Every structure is written in C-alpha cells, then in structure tokens.
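Peer 1: need the 3D shape of this:
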Amino acid sequence: MEYSIQELSRLSGVTTRTLRWYDQIGLLKPSRVAESGYRYYSGAEVDRLQDILYYRALGVELAQIKECLDNPSFDRLAALRSHLAALEMERERLEQLIRSVKDTIGAEERKEIMSDEQKFEVFKQRTVAHNEEAYGAEIRAKYGDKEVDEANAVVMNLTREQYQEWTDLGREIQERLEAAVRAGLSPESEEGRKVTTLHRRWLTITGNRYDQAKHRGITELYVMDERFTAYYDKQVPGCARFLRDAVVYWAK
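Peer 2: Here you go, the predicted model:
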C-alpha cells in the first residue's frame, strides 16, 4: 500500500513538516516523488517511520537513529525486543515513582511524618529516574541493558551512608572543578590529580568497577554530549573539559 505525505501524517501523527525534514536529512526518504513534487511512501517507509518513533520515544537523537537504521547489520526484530524491554522498565520505574508520590501524599494528608528510610528510598528513585530520562537511551546503546540495569540496582541498594557520601562527593567534585577553572589551573596540576581521584571514587562507590580506560571513556562523554557538558558547566563554563583533560592525563 502507498501513502501520500498527508495520509502518512494522519496515520502516524507526525506532521507533514516533520516528514519533509526527515526527507531532507536522509532519515526517511519517500519511496517515490511524483512529477508534481508530492512524496509517496510504501510499506517499507512506514516500518522505518515506526522504528524512528520508537527510538524517539526513548530519547535517541535523530543522527543516532539514522546511523542505527542505516547500519547493514540492523536487526529490526532484535531492536523491537530491546524497545519492549526498555519500555517495560520505564513502566516499572514510573509505577515505583507513582507509589512513592502516593505514599508521600497520603502521609501529608494524614499529617504523618515519613521515616528517614522512606524519604531515602524516594531520593534514590528520583536519582535513577532522572538518569534514565536524561541519559538512559545513550548509555543503554553504548553499554547494554544488563550493565545499566545492574548500575541502577546498585544505586537502589545503597545504604543511607553510602548515598550521602556519593552525593557529597559529587558536590565536592563540582566545587573543585569550578574553583580550578576560575583560577586558570591546568588539568595536569595537583588539583587535576585530586579531582581525578575523587571522580574515580564517585564512580566506584556504588560498587561498579572502572578500569582506567573506561574512566577516560566516560569523561569523553562529558564533552561529546551537550547534556553532560551543560551539567558540569552550569555555573562555570569549561568544567566538563577540565575534568575530561584531567582524567585523560592522570588515569593511566
């Protein structure tokens, strides 16, 4: 079956403007273009659009989607199974958050004070939820569902003391980075070495193991992905690059 661009727009809920943009960037080409200039799409393009929408729902950038779908080794069935696993995990995460919010609302309505343990569980769930929402698609594509799921489980199993140390370390790293950049220090300085050591401790406090190569690879993401860069550079531009350069120099 063949669809005009207007028909495909109605079928998919994607605007004709977006479909034209997908054509322009090579993400979704029509099967043919009539002499009148109208675009027409066949079943293969409908399937590809469905795959695009699945990836977009998981937060994957358009350039990465194109690279994935254009890869000769792309396995659509395997990709669909991966999408299903990710969506089921997202559903579980949302259900946990809903239960936490309901518990908090109930405690407030009954004028009850939540225990520290209950509050702590909410904090951990929010941390995992934020990381999944902001970076989940990319890190799952890079490291695989199993490793990311294990990392999330480790966070959820942290004791209150471990969680406090983890958040305190993150705060100290950020403060040291901002001070170092403001002072014009070199990543190869003693302060760069200290930041590298603290960052490695921050990564491994949850029980994860990172060799030096993996440590360097993670900090490369901080300058390659604008969301990581924005996090570290939110007060002082240059912090993400300082951290990456320090780790590259000292983590050997």
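Peer 1: so what does the longest helix seen in the chain touch, helix or strand wise?
Peer 2: Assignment by DSSP state H gives helix 76-109 as the longest helix of the chain. If contacts are counted by 3 or more CB pairs under 8 Å, 6 or more residues apart in numbering; DSSP states H and E, helix 76-109 sits against helix 43-57, helix 116-143, helix 145-156. For glycine as for every other residue, the C-beta is placed from the backbone atoms N, C-alpha and C.
Peer 1: can you rerun that using 7 Å?
Peer 2: Here helix 76-109 touches helix 43-57, helix 116-143, going by 3 or more CB pairs under 7 Å, 6 or more residues apart in numbering; DSSP states H and E.
Peer 1: pull the number of nearby residues for the closest residue to residue 221 other than its chain neighbours.
Peer 2: Once flanking residues are discounted, residue 221 sits nearest to residue 228: 5.7 Å by CB to CB, 6 or more residues apart in numbering. Residue 228 has 21 neighbours, counted by other CB atoms under 10 Å.
Peer 1: weakest of the helices and strands packed on helix 76-109 in terms of mean pLDDT?
Peer 2: Ranked by mean pLDDT, the helices and strands packed on helix 76-109 end with helix 116-143 in last place, scoring a mean of 68.
Peer 1: low-confidence regions, the stretch 101-250 of the chain specifically.
Peer 2: Residues of the stretch 101-250 of the chain meeting the criterion pLDDT under 70: 112-123, 130, 133-139, 141-144.
Peer 1: hmm, what's the outermost residue in the chain?
Peer 2: Within the chain, the residue lying farthest from the chain centre (CA atoms, centre = their mean) is residue 35, at 42.9 Å.
Peer 1: which of the three states applies to it?
Peer 2: Of the three states, residue 35 takes coil under DSSP: H, G, I helix; E, B strand; the rest coil.
Peer 1: renumber starting at 32 from here on
Peer 2: Shifting the count to begin at 32 puts that one at residue 66.
Peer 1: and the pLDDT at it?
Peer 2: In this model, residue 66 carries a pLDDT of 90.
Peer 1: buried set for stretch 227-242?
Peer 2: Residues of stretch 227-242 classed as buried: 227, 229-231, 233-234, 236-237 (neighbour count, 16 or more other CB atoms under 10 Å).
Peer 1: then stretch 266-280?
Peer 2: Neighbour-count burial for stretch 266-280 [16+ other CB under 10 Å]: 269-280.
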